[in-house]
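> Give the three-dimensional model of this entry:
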Amino acid sequence: MTAERPAAGGSAVRPVLVFAGKLLVSSLLIWFVLSRLSLADITADMTHPRWGLLAAALVVYGASAVGGALQWAWILRAGGITASTRRILRVYFIGLFFNNFLPANIGGDAWKIVDLGGQEGRRLGVFCATLLDRLMGLGALVLAALLVLLAATLAGVPLPGVTLVLIPVLLVLALVTTLLLSRRLGGWGVALLSRLGLGRLADPLERVTGELGLYRPQLPFLQRIFLFSMGVQSLRMFTHILVALGLGFALTGAQITQLLVLVPVLAVSLTLPVTINGIGLRESVSANLLTWSGLAGPQAVAMEVVAYLVQVLLSLSGGVLLLTRRGGAGTSATREGSAGS
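Next comes the predicted model:
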């Protein structure tokens, strides 16, 4: 009994230490940005909003969120999850709320897996569908940015060399997706991990690749989903453009082209789980990266802060859905699903 207590205590302390570490990194990055840029200058770039364009940004981002929810629903259905579209949409938007109001980038995904997976009795199935949805979404964003980068290069629009990082990112995403969907490569990965003495990783990988086997006969369907995802991600990229215009920034065609490449590079950097919900990392990368489009540092930071607030505002709809769920029959359904699992 005494031998188990330190392990239990260690498992309880670890999340606290991780959170404290992320809080420290976020604080240091915010301090770094404000040591180089004036907070007054950043807020000054938000003082003359064009509300119509900012409302349009909210609408466009909302359309992308609905598209993202439908994409997830279609992937779930292909994996044999029979939940109604209405239920899936509700869970998806509550997940958006948790993504922005929990101190972890995967909080919303965890909610979707536990809640919908519990209701359907297939948490592994929902996990795999969510993983595939994430991989396809990020891959679609990167490919869309690379196509704009190619067009910019042909048109002579200058972009920094760091944008070429999108190429290896796309290759890694393609490799991981292929590994997970391929029976042969998945088996090879499991065998390799076992030989390396990493049985803890081999067993989950085997279960995941087994579950993802449901999608192997549906590759044409997944290709169509990927094309749809490129449209969803394009809407999210244009949300940032509308926010910039809504803050009164006069953007040329070349600047818009540059931002359509630079913003996805920023998005890729925000997948690093080193800060609380990207706070600090978003501002510091924006101040250094987006200035390649001709924006001043304070303008770049203001644009991304407001774009983030647009996402937060839309995600509040998930909070409303969560409250109505708790007050209605959805609560009992959740309890039954959890008890059944």
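> C-alpha from now on. contacts and neighbour counts both.
Will do.
> Could I get the phi/psi values of residue 110?
When quoted as degrees, to the nearest 10, the phi and psi of residue 110 stand at phi -60, psi -40.
> distance of it from residue 130?
Note on residue 110: its distance to residue 130, by CA to CA, to the nearest Å, is 10 Å.
> Looking at these two, which one has more neighbours?
The neighbour comparison of residue 110 against residue 130 (other CA atoms under 10 Å) goes to residue 130, with 20 against 17.
> Can you give me the separation between that one and residue 65?
Separation of residue 130 from residue 65 (CA to CA): 15 Å.
> I'd like the distance from stretch 114-128 to the chain centre, please.
19 Å (CA atoms, centre = their mean, to the nearest Å).
> Between the two ends of it, how far is it?
This stretch, stretch 114-128, spans 13 Å end to end (CA to CA).
> Hmm, residue 111 and residue 123 touching each other?
No: taking CA atoms under 8 Å as the definition, residue 123 is not a contact partner of residue 111, at 10.8 Å.
> How many residues are close by residue 194?
Around residue 194 there are 15 other residues, counting by other CA under 10 Å.
> What of residue 135?
By other CA under 10 Å, 17 other residues sit near residue 135.
> which residue packs closest to it, ignoring adjacent ones?
Excluding its sequence neighbours, the residue lying closest to residue 135 (CA to CA, 6 or more residues apart in numbering) is residue 173, at 6.6 Å.
> distance of that neighbour from residue 209?
On the measure of CA to CA, residue 173 and residue 209 end up 16 Å apart.
> Pick out whichever of those two has more residues nearby.
Applying other CA under 10 Å to residue 173 and residue 209 shows that residue 209 carries more neighbours, namely 21 against 16.
> where's that one, which helix or strand?
Per DSSP states H and E: residue 209 is located in helix 199-212.
> For that helix, list every residue counted as buried.
If you call a residue buried by 16 or more other CA atoms under 10 Å, then helix 199-212 has these buried ones: 202, 205-206, 208-212.
> Now tabulate these in CSV and tack on distance to residue 223 and pLDDT.
Output for the buried residues of helix 199-212, formatted as CSV (distance: CA to CA, whole Å; pLDDT from 0 to 100):
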residue, distance to residue 223, pLDDT
202, 28, 77
205, 23, 82
206, 24, 81
208, 20, 86
209, 19, 86
210, 20, 85
211, 19, 89
212, 15, 89
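> okay, these in TSV with distance to residue 325 next?
Below are the buried residues of helix 199-212 laid out as TSV (distance: CA to CA, whole Å):
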residue	distance to residue 325
202	38
205	34
206	35
208	30
209	33
210	33
211	30
212	30
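> Out of the residues you listed, flag the one nearest to residue 143.
residue 212 (23.0 Å; CA to CA).
> could you pull out the helices for the stretch 101-250 of the chain?
107-120, 123-155, 166-181, 183-195, 199-212, 219-246 (DSSP state H, counting those that start in this stretch).
> okay, these in JSON lines with distance to residue 32 next?
Listed next are the helices of the stretch 101-250 of the chain as JSON lines, based on distance: least, CA to CA, whole Å:
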{"stretch": "helix 107-120", "distance to residue 32": "27"}
{"stretch": "helix 123-155", "distance to residue 32": "28"}
{"stretch": "helix 166-181", "distance to residue 32": "26"}
{"stretch": "helix 183-195", "distance to residue 32": "41"}
{"stretch": "helix 199-212", "distance to residue 32": "38"}
{"stretch": "helix 219-246", "distance to residue 32": "23"}
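> for the ones you listed, which one sits closest to residue 294?
Checking the helices of the stretch 101-250 of the chain against residue 294 by CA to CA gives helix 219-246 as the closest, at 12.4 Å.
> hey, C-alpha coordinates of whichever helix or strand comes after that closest one in PDB?
Downstream of helix 219-246, the next assigned helix or strand under DSSP H and E is helix 253-269. What follows is helix 253-269, C-alpha atoms only, in PDB (Å, rounded to 0.1, in the frame of the first residue of the first chain):
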ATOM      1  CA  GLY A 253      -3.500  42.200 -52.500                       C
ATOM      2  CA  ALA A 254       0.100  41.300 -51.900                       C
ATOM      3  CA  GLN A 255      -0.300  41.700 -48.100                       C
ATOM      4  CA  ILE A 256      -3.400  39.500 -48.100                       C
ATOM      5  CA  THR A 257      -1.500  36.900 -50.000                       C
ATOM      6  CA  GLN A 258       1.300  37.000 -47.500                       C
ATOM      7  CA  LEU A 259      -1.000  36.800 -44.600                       C
ATOM      8  CA  LEU A 260      -2.700  33.700 -46.100                       C
ATOM      9  CA  VAL A 261       0.600  32.000 -45.800                       C
ATOM     10  CA  LEU A 262       1.900  33.500 -42.600                       C
ATOM     11  CA  VAL A 263      -1.300  32.900 -40.500                       C
ATOM     12  CA  PRO A 264      -1.100  29.100 -41.100                       C
ATOM     13  CA  VAL A 265       2.500  29.100 -40.000                       C
ATOM     14  CA  LEU A 266       1.400  30.800 -36.800                       C
ATOM     15  CA  ALA A 267      -1.400  28.300 -36.500                       C
ATOM     16  CA  VAL A 268       1.100  25.400 -36.800                       C
ATOM     17  CA  SER A 269       3.300  27.000 -34.000                       C
END
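> what helices or strands is helix 253-269 leaning on?
Using 3 or more CA pairs under 8 Å, 6 or more residues apart in numbering; DSSP states H and E, the elements in contact with helix 253-269 are helix 123-155, helix 219-246, helix 281-289.
> All good on my end, thank you.
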